[in-house]
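S.K.: Sequence and computational prediction follow.
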Amino acid sequence: MAELTLTMFLTLDGVMQAPGGPSEDTTGDFPHGGWLVPHADEEMGKTMDDIFSKAEAFLLGRTTYDIFAAHWPRITDTDELVANQLSSLPKYVASRTQTTFDWYGSSLIQDVVGEVGELKQRYSGEIQAHGSCGLAQTLIQHDLIDEYRLLIFPVILGTGKRLFGSGTVPSMLKLVSSSNTSKGTIVSVYRRAGKLQTGSFALD
């Protein structure tokens, strides 16, 4: 059975909106698009290559799919691992407004909660979700993510869409690994560790 992993670029205050460019997602008049770019480096590239090398299929929200489809098919270098994986592997797109997609290997998924289990049965490796804010919220709320891969950049924005929103179900995670790049990005991998546990330091 496959596992569903979520890879996300985040600011230190948890914002995930529009990391790669000013026009990626301006929802809510978001003015900070492209905040990740000055912090990209060779170590980050190697991290992403390692993540994408493990993919057997992708699960993407519509907006992220459109961003990827406009960019990665134009990269024809056979040594570009991310482009090759995205262009050759199956892509399942969660969308309420579009039913057909032109990029090779792309198909619609309408009932994310109901169909993720079926997808996990269909594959034996990783089904990877990247970005996809709305989709990520649904996956988190229904505890469907087996592993989180969070790249946290040394940036504070104070506004924007956040990964863990108000509908997040309280739970615990186990830290699997953590490292940092030369530009200060923290790369942390977490796995599910069951329901939230609480305690008290009170003396009485």
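M.R.: Sure, I can see it.
S.K.: contacts, neighbours, all on C-alpha from now
M.R.: Will do.
S.K.: quick one, strands of the chain?
M.R.: Remark: strands assigned in the chain by DSSP state E are 3-11, 55-61, 91-94, 106-109, 126-130, 147-153, 171-180, 186-195.
S.K.: Please identify which of those strands is closest to residue 80.
M.R.: Between residue 80 and the strands of the chain, the shortest separation by C-alpha to C-alpha is 14.6 Å, and it involves strand 55-61.
S.K.: between that closest one and strand 3-11, how big is the angle?
M.R.: Direction vectors for strand 55-61 and strand 3-11, defined by axes from the mean of the first three to the mean of the last three C-alpha atoms, to 10 degrees, enclose an angle of 60 degrees.
S.K.: So which elements touch strand 55-61?
M.R.: When contacts are defined as 3 or more C-alpha pairs under 8 Å, 6 or more residues apart in numbering; DSSP states H and E, strand 55-61 packs onto strand 91-94, strand 126-130, helix 133-141.
S.K.: Just the C-alphas of the last one, formatted as CSV.
M.R.: What it means is helix 133-141. Coordinates of the C-alpha atoms in helix 133-141 are reproduced here as CSV (Å, rounded to 0.1, in the frame of the first residue of the first chain):
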residue,chain,number,x,y,z
CYS,A,133,-3.3,24.9,0.1
GLY,A,134,-7.0,23.9,-0.2
LEU,A,135,-6.3,20.3,-0.8
ALA,A,136,-3.8,20.2,2.1
GLN,A,137,-6.5,21.5,4.5
THR,A,138,-8.8,18.7,3.5
LEU,A,139,-6.1,16.0,3.9
ILE,A,140,-5.1,17.4,7.3
GLN,A,141,-8.6,17.6,8.6
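S.K.: Would you mind naming the residues that bridge with the residue lying closest to residue 185 once chain neighbours are set aside?
M.R.: With C-alpha to C-alpha, 6 or more residues apart in numbering as the measure, residue 153 is the residue that lies nearest to residue 185, at 4.6 Å, once sequence neighbours are left out. With DSSP bridges applied, residue 153 shows beta-bridge pairing to residue 11.
S.K.: cool, residue 129 as well?
M.R.: If you apply DSSP bridges, the partners that residue 129 bridges to are residue 6, residue 59.
S.K.: for it, what are its contacts?
M.R.: Residue 129 makes contacts with 4-7, 58-60, 136, as judged by C-alpha atoms under 8 Å, 6 or more residues apart in numbering.
S.K.: Residue 109 - how many residues pack around it?
M.R.: Neighbours of residue 109 under the rule other C-alpha atoms under 10 Å: 20.
S.K.: Just put the helices and strands packed on strand 55-61 in TSV and tack on distance to residue 25 and mean pLDDT.
M.R.: Output for the helices and strands packed on strand 55-61, formatted as TSV (distance: least, C-alpha to C-alpha, whole Å; pLDDT from 0 to 100):
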stretch	distance to residue 25	mean pLDDT
strand 91-94	17	98
strand 126-130	15	98
helix 133-141	10	94
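S.K.: Just name the most buried of the ones you listed.
M.R.: Among the helices and strands packed on strand 55-61, strand 91-94 has the highest mean neighbour count (mean count of other C-alpha atoms under 10 Å), at a mean of 25.
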